[in-house]
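Asker: no FASTA, just this:
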């Protein structure tokens, strides 16, 4: 590794130097701790005695070559600080860690698994004009393993259940909540201690690689949630790693996050190398097809607050990281979870943007869910909540998210959010709501369980309620996803001529209609969010692709009933209350 480039913040593969590397019947341990007076390695290979690491002058690099250490063995660094304190740490660049509450790193040979997905990697694209239908999931609570004391399937075991399920539903990608090692199950992976270590809850790095390889052979992309803003406060992790605030801010006013974690100090070039190397690591070593970056607003504004102004250091870090990742992985998806109005999130770096492929449209999510929770008689007043999204949509490449955050902490499951006097109405509204989502421009993301129509919040300690699996709502959702995959007009989200609202005088106040068009295909979506049926005029012959009120989905309309009636020169489509349709104009 070019050490000067490391100090300049230009390294993207620091993990190839730091960490524990198996080489020539030995293991080389390296770490960076510029303010330590002494560091030793303790592990299973030396009976937990202390083998002293050798400092590289005054550069802060420490190294030890051990002929006794072997892959699979546990180890820690014992760090002696300048103030006389001593703390055992896991390896910041360690490739695996033991299961919590243990906190040792594990010597790991990254070459032990060989991918066979060359065809997938060569054909992969960022899908700007293709379908992107993401299934967000928490592996530990999707299905529970009765044979495991913690209820977990390993990464490779999960593949046998997950892949057929994703294919059945027409999902193009699966997005995992953070898989970097973390001590607390309830953090869902968002408070990390091992940024280069796949969590051992579900197995080894090789098993995770096998899962991704199998996904690729099934033509399904894999995305991981990546946390570049903060880290866990546990003493064995990054906190005060060399006895000083090496990775975090020195002052708690900006050093501690609202989630009870420590904020990275991105102005330090060594920290930039650490984080951008971690991002590159998951894309390079594990063939992930994209990263969803958590809490990007905290990388734009001081602690995410626009009133406090732009944080120039973190913004520059983000630009440099995204530019470097795109140079190395041009077809990987970089996705920003960002709720701010900061411009140019998805513009290329060369044009002054931040270089993301997609930005979560959290405004669309909040406005639409609020509209769906409003009583029908008040919806005409709130019509703008559904119209507003297309006012700003051309500004970015947006992704429409219904993530895990929307079904926890008392927010209720998606179906339960719907206004309705009974479950029949709630499910009818939910079907119309999801059709609106899939017909609306923007790539799609749904958290596991939404497709089942669950009525209870997500609980990370229990599996999904699979008694809903073969219910009518599940049937509807699978059919909707397949229709989405099959029609290119629903994929050309960012073309200026792809979306058109129908003229206002053709709609009642709670009915919305728009077209999606590309390359000769023209689709029409009509949504009736009122509690009264309506007849909607159609100006040309069309084929009904999907009706949310079909009996197979829990409605009352027969599938062979196209609901058209002739009246002079017009066709009228009958929509029951709380329903929607998607049609394809006949060429």
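Answerer: Perfect, thanks for sending it. Owing to the predicted nature of the structure, the values given are computational and were not obtained by experimental measurement.
Asker: what are the buried residues along stretch 366-376?
Answerer: 367-369, 371-372, 374, 376 (16 or more other CB atoms under 10 Å). (Glycine included, C-beta is placed from N, CA and C.)
Asker: format those as TSV; extra columns: pLDDT and secondary structure.
Answerer: Output for these, formatted as TSV (pLDDT from 0 to 100; DSSP: H, G, I helix; E, B strand; the rest coil):
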residue	pLDDT	secondary structure
367	97	helix
368	98	helix
369	98	helix
371	98	helix
372	97	helix
374	97	coil
376	95	helix
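Asker: ok, residue 523 - how many residues close by?
Answerer: Counted with other CB atoms under 10 Å, residues neighbouring residue 523 total 22.
Asker: could you check how far it is from residue 47?
Answerer: Relative to residue 47, residue 523 is positioned 69 Å away (CB to CB, to the nearest Å).
Asker: surely residue 222 and residue 291 touch.
Answerer: No. Contact criterion CB atoms under 8 Å: residue 222 and residue 291 do not qualify, at 10.5 Å.
Asker: neighbour count: those two, which is higher?
Answerer: Set residue 222 next to residue 291 and count neighbours by other CB under 10 Å: residue 291 wins out with 27 against 21.
Asker: confirm that that one sits in a helix.
Answerer: No. With DSSP: H, G, I helix; E, B strand; the rest coil as the criterion, residue 291 is located in strand rather than a helix.
Asker: domain parsing for this protein?
Answerer: 3-112, 132-487, 499-585 (automatic domain parsing).
Asker: quick one: what helix or strand has the closest residue to residue 526 other than its chain neighbours in it?
Answerer: In space, and not counting its chain neighbours, residue 526 is closest to residue 513: 4.5 Å by CB to CB, 6 or more residues apart in numbering. Assigned by DSSP states H and E, residue 513 belongs to strand 511-518.
Asker: what comes into contact with the helix or strand just after that strand?
Answerer: Per DSSP H and E, the first helix or strand lying C-terminal to strand 511-518 is strand 521-528. Strand 521-528 is contacted from outside by 432, 435-436, 439, 487-490, 510-517, 534, 536, 538, 542, 545, 573, 575-585, using CB atoms under 8 Å, 6 or more residues apart in numbering.
Asker: mind listing the strands strand 521-528 pairs with, and their directions?
Answerer: Sheet pairing for strand 521-528, assigned by DSSP bridges, gives strand 511-518 (antiparallel), strand 579-585 (antiparallel).
Asker: gap between the longest one and the chain center?
Answerer: Looking back up the chat, that one is strand 511-518. 28 Å (CA atoms, centre = their mean, to the nearest Å).
Asker: same question, the last one
Answerer: In this view, strand 579-585 has its centroid 30 Å away from the chain centroid, taken as CA atoms, centre = their mean.
Asker: what comes up buried for that strand?
Answerer: 579-585.
Asker: which one of the residues you listed is nearest residue 450?
Answerer: Nearest to residue 450 among those: residue 580, at 16.9 Å, using CB to CB.
Asker: thinking again about what came up before, got the buried residues of strand 579-585 as a markdown table, with distance to residue 304 columns?
Answerer: Output for these, formatted as a markdown table (distance: CB to CB, whole Å):
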| residue | distance to residue 304 |
| --- | --- |
| 579 | 39 |
| 580 | 36 |
| 581 | 40 |
| 582 | 37 |
| 583 | 42 |
| 584 | 43 |
| 585 | 45 |
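Asker: point to the helix or strand of this protein where mean pLDDT is at its lowest.
Answerer: Scoring the helices and strands of the chain by mean pLDDT, DSSP states H and E places strand 564-567 at the bottom, with a mean of 55.
Asker: what lies in contact with the following helix or strand past that strand?
Answerer: Per DSSP H and E, strand 564-567 leads on to strand 570-575 as the next helix or strand towards the C-terminus. Applying CB under 8 Å, 6+ apart, the contact partners of strand 570-575 are 511, 526, 528, 533-542, 549, 563-565, 581, 583.
Asker: what residue ranges in this protein are flagged as low confidence?
Answerer: Applying pLDDT under 70 to the chain picks out residues 504-507, 561-570.
Asker: if I pick residue 398, what's in contact with it?
Answerer: So residue 398 contacts 358-361, 364, 441-443, 493 (CB under 8 Å, 6+ apart).
Asker: among those residues, name the ones in helices.
Answerer: For those, membership in helices holds for residue 364, with DSSP state H as the criterion.
Asker: now intersect the contacts of residue 398 with the strands, please.
Answerer: Among these, the subset assigned to strands under DSSP state E consists of 358-360, 443.
Asker: who are the neighbours in contact with the spatially closest residue to residue 456 that is not a sequence neighbour?
Answerer: Leaving aside its sequence neighbours, residue 456 sits nearest to residue 413 (CB to CB, 6+ apart; 5.8 Å). Counting by CB under 8 Å, 6+ apart, residue 413 makes contact with 407, 449-450, 454-458.
Asker: can you do 6 Å?
Answerer: Contact analysis of residue 413 by CB atoms under 6 Å, 6 or more residues apart in numbering lists 407, 454-457.
Asker: which of the residues you listed are buried, as a ChimeraX select command?
Answerer: With 16+ other CB under 10 Å as the burial test, the buried ones among the contacts of residue 413 are selected in ChimeraX as follows:
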select :407,454,455
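Asker: got the contacts of residue 413 as TSV, with distance to residue 273 and secondary structure columns?
Answerer: Below are these laid out as TSV (distance: CB to CB, whole Å; DSSP: H, G, I helix; E, B strand; the rest coil):
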residue	distance to residue 273	secondary structure
407	37	helix
454	42	coil
455	47	coil
456	44	coil
457	39	coil
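Asker: and which of the contacts of residue 413 is nearest residue 287?
Answerer: residue 407 (29.4 Å).
Asker: dump the residue contacts of that closest one.
Answerer: 413, 457-458.
Asker: where's it relative to residue 312, distance?
Answerer: Residue 407 is 36 Å from residue 312, where distance means CB to CB.
Asker: same deal with residue 320?
Answerer: Distance from residue 320 to residue 312, by CB to CB: 12 Å.
Asker: more crowded one of these two?
Answerer: Per other CB under 10 Å, whichever of residue 320 and residue 312 has more neighbours is residue 320, with 18 against 10.
Asker: make sure that one is indeed in a helix.
Answerer: Yes. The assignment for residue 320 (three-state DSSP) places it in a helix.
Asker: renumber starting at 429 from here on
Answerer: Right, with 429 as the first residue, what we last looked at is residue 748.
Asker: perfect, I'm done here.
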